[in-house]
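J.: Mind folding the following:
(one chain, ligands or ions: 2)
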Amino acid sequence: MKAAILYETNTPLKVEDVTLDDPQQNEILVKIVASGVCHSDLHFMKGDMPQPVPFVPGHEGAGIVEKVGPGVTTVQPGDHVLLNIAFSCGKCPRCNEGRPTLCVENLPIQMMATLPGGGTRLHKGDQTLYHLFGLACFAESVVVHERSAIKIREDAPLDVVCVLGCGVSTGIGAAINTADVRPGESIAIFGCGGVGLSAIMGAKLAGAGKIIAIDTVDSKLNKAKELGADYMVNASKDEPQGKVAEITGGGADYAIECIGNVNVMVQALGAVRTGGTCVVAGMAPLADTLSIAPFHFLLGKTITWSTQGDVVPIHLQKMCI
Ligand SMILES: [Zn+2]
Ligand SMILES: [Zn+2]
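T.: Ligands and ions are numbered 1, 2, ... in the order given. Next comes the predicted model:
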């Protein structure tokens, strides 16, 4: 089968024939029908985040189960599945407290690009290929742990729902789960790419009062308006903190940073009111440092991070309508 391989950071992907092993204990083989393209793929490909090479990117996949390994109980051949970045063991303290995106077994898998059972199932001749996020969806098929896959209804269009595996769940979850925006409250969304537009939809679903979209590209702001934003601020023309303060009468109840840019994170924290909350949903390069004035804490503000929107992966089933 073919897969897109990154041999060295900052070089083009190469589409080549590779070997995919049979699924091992609790693993499944999924024929990929569609995969989203997320900015985090680019972070890893540029070396902004450490990752063993060569690896196969792609972490928003959807497809059909073709084979199951020993011990698999959650899916069977023929099932349609959504692949999810947040493998969760279901047994650790974080999983038990209902925050599976913080599973203690997940981070090493994400950093080492291996499968939860250890090692990889992808090879090019004698060369080992690594699976980004334990997935590797830029390929015709993948072998993943069954807990990286969520069975979904068969009439859900796979080319649409695949982005629930990362970007859409991250954005919607950042608004609904992490910020926990309530009806009537105001929220400023910094960055209107896939995650930001999803955060706007999440805020709309939650009944937010004033939804303020901020970006530097007018076409993205137009899309933000179409999806539920009440106010659009072009940060290349207007200073966003001042505009948010003007619209909300002193600062938004919540701000969500959806880019992964530390300067924008500072702006987002500055845009929330006294006692407000800033949620960082964008992934910044690992070496970046966030510099914020402690005075914000004197004003009772909170800044926090949202890991894949704090979703419970199995709940993504219900979003596949
Ligand atoms: Zn992603
Ligand atoms: Zn766990």
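J.: Surely M45 forms part of a helix?
T.: Yes - with DSSP: H, G, I helix; E, B strand; the rest coil as the criterion, M45 is part of a helix.
J.: any idea how far it is from ligand 1?
T.: Counting by C-beta to the ion, to the nearest Å, the separation of M45 from ligand 1 is 12 Å. All C-beta spots, glycine's among them, are computed from the backbone N, C-alpha and C.
J.: try A149
T.: In terms of C-beta to the ion, A149 sits 16 Å off from ligand 1.
J.: same question, A235
T.: 23 Å.
J.: I figured that residue hits D218, correct?
T.: No - in this structure A235 lies outside contact range of D218 using C-beta atoms under 8 Å: 11.3 Å.
J.: tally of neighbours for M319?
T.: 15 (other C-beta atoms under 10 Å).
J.: List the contacts of it.
T.: The contact partners of M319, by C-beta atoms under 8 Å, 6 or more residues apart in numbering, come to 161, 164, 168-169, 172.
J.: Next, format those residues as CSV and append neighbour count and distance to ligand 1.
T.: CSV is the format used below for the contacts of M319 (neighbours: other C-beta atoms under 10 Å; distance: C-beta to the ion, whole Å):
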residue, neighbour count, distance to ligand 1
V161, 23, 15
L164, 27, 11
V168, 26, 10
S169, 29, 9
I172, 26, 14
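J.: Helices of the protein, residue ranges please.
T.: 39-46, 93-96, 106-112, 158-161, 167-173, 194-205, 218-226, 240-248, 262-270, 295-298 (DSSP state H).
J.: same for the first one, what does it pack against?
T.: Yep, that's helix 39-46 we're talking about. Helices and strands touching helix 39-46, by 3 or more C-beta pairs under 8 Å, 6 or more residues apart in numbering; DSSP states H and E: there are none.
J.: got the contact list for it?
T.: For helix 39-46, using C-beta under 8 Å, 6+ apart, the contacting residues are 6, 9-10, 13, 49, 51, 55, 57-59, 132, 138, 166, 193-194, 260, 283, 285.
J.: Tell me which residue in the stretch 201-321 of the chain sits closest to ligand 2.
T.: Closest to ligand 2 within the stretch 201-321 of the chain is P313: 11.4 Å, counting by C-beta to the ion.
J.: check contacts around that residue.
T.: P313 neighbours (C-beta under 8 Å, 6+ apart): 84, 86, 88, 100-101, 150.
J.: same for ligand 2: which of these are within range?
T.: Among the contacts of P313, the residues that sit close to ligand 2 (C-beta under 5 Å from the ion) are S88.
J.: mind listing which of the contacts of P313 are in strands?
T.: Assigned to strands by DSSP state E, the following of the contacts of P313 qualify: I150.
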